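Student: here are the coordinates; sequence isn't available:
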């Protein structure tokens, strides 16, 4: 992936480490430690951290360092309420506005995410999930909705890593595939319905985490 600046590169590296739990929730790191981990200087690192703080993935603690925020189930349900509205909008606009190339990409990703689920490859599944989000965001041509929803998707991926203990991936993979095939076929209503089914699955999964 090409980046426009070192700050953007630092942001993407740190977000990935936070989402995959390499940087564990609740842990506190110094800026110098994080700078060494991403191999990027303190100034662009600080810019990346400010963005992550705005997205509630980190908290800047004066004289202590940078805390990775905890995973909170109750807050996550509120997040999904917000994501439901934005994802439906993006799904409908993507179904209407996607280019031929984007529709072909989505069809390939539908098959790929089902294969990752069949192989129980969580890392590959999450990688494809993120790529799907990026294609839908670009295809929707609504930068405001996309800017608002991308941090929510990052929180959802982290939540999945945190609570997914050998869960069968076949059901969420099918829900993702239904969504992106509906978009690829240009069916706005089916895309909206599929988006809501996927979010409802995530809501049910979140509520089940309360019993873990």
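Tutor: Noted; the coordinates are in hand. All values reported here derive from a predicted model rather than from experimental measurement.

Student: outside of the top helix by length along the chain itself, which residues are in contact with it?
Tutor: Assignment by DSSP state H gives helix 73-97 as the longest helix of the chain. Applying C-beta atoms under 8 Å, 6 or more residues apart in numbering, the contact partners of helix 73-97 are 102, 136-137, 139-142, 145-146, 148-149, 152-153, 155-156, 159, 179, 182-183, 185-192, 194-196, 198-199, 202-203, 206-207, 209-210. Heads up, the C-betas are built off the backbone N, CA and C, glycines and all.

Student: same check on stretch 147-157?
Tutor: By C-beta under 8 Å, 6+ apart, stretch 147-157 touches 15, 18-19, 55-57, 76, 79-80, 82-83, 86-87, 90, 126, 129-130, 133, 137, 202.

Student: could you do stretch 10-24 as well?
Tutor: Residues contacting stretch 10-24 (C-beta under 8 Å, 6+ apart): 1, 3, 29, 34, 37-38, 40, 44-45, 47-49, 51-52, 57-58, 68, 123, 126, 154, 157-158, 161-162.

Student: same question, stretch 120-127
Tutor: 19-20, 113, 116-117, 157, 160-161, 164, 169, 173.

Student: now a ChimeraX select for only the buried ones of those.
Tutor: To isolate the buried ones among these in ChimeraX, judged by 16 or more other C-beta atoms under 10 Å, type:
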select :19,113,116,117,157,160,161,164,169,173
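
Student: now do the SS call for the residue nearest to residue 26 when sequence neighbours are not counted.
Tutor: Spatial nearest neighbour of residue 26, chain neighbours left out: residue 70 (5.3 Å); criterion: C-beta to C-beta, 6 or more residues apart in numbering. What DSSP: H, G, I helix; E, B strand; the rest coil gives for residue 70 is coil.

Student: the protein: helices as residue ranges?
Tutor: 6-19, 31-38, 42-54, 73-97, 100-118, 122-140, 143-163, 170-184, 188-209.

Student: could you dump those to JSON lines with mean pLDDT and distance to residue 63?
Tutor: As requested, the helices of the chain are exported to JSON lines (pLDDT from 0 to 100; distance: least, C-beta to C-beta, whole Å):
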{"stretch": "helix 6-19", "mean pLDDT": "95", "distance to residue 63": "21"}
{"stretch": "helix 31-38", "mean pLDDT": "92", "distance to residue 63": "12"}
{"stretch": "helix 42-54", "mean pLDDT": "95", "distance to residue 63": "15"}
{"stretch": "helix 73-97", "mean pLDDT": "96", "distance to residue 63": "26"}
{"stretch": "helix 100-118", "mean pLDDT": "97", "distance to residue 63": "43"}
{"stretch": "helix 122-140", "mean pLDDT": "95", "distance to residue 63": "35"}
{"stretch": "helix 143-163", "mean pLDDT": "94", "distance to residue 63": "27"}
{"stretch": "helix 170-184", "mean pLDDT": "97", "distance to residue 63": "42"}
{"stretch": "helix 188-209", "mean pLDDT": "95", "distance to residue 63": "34"}
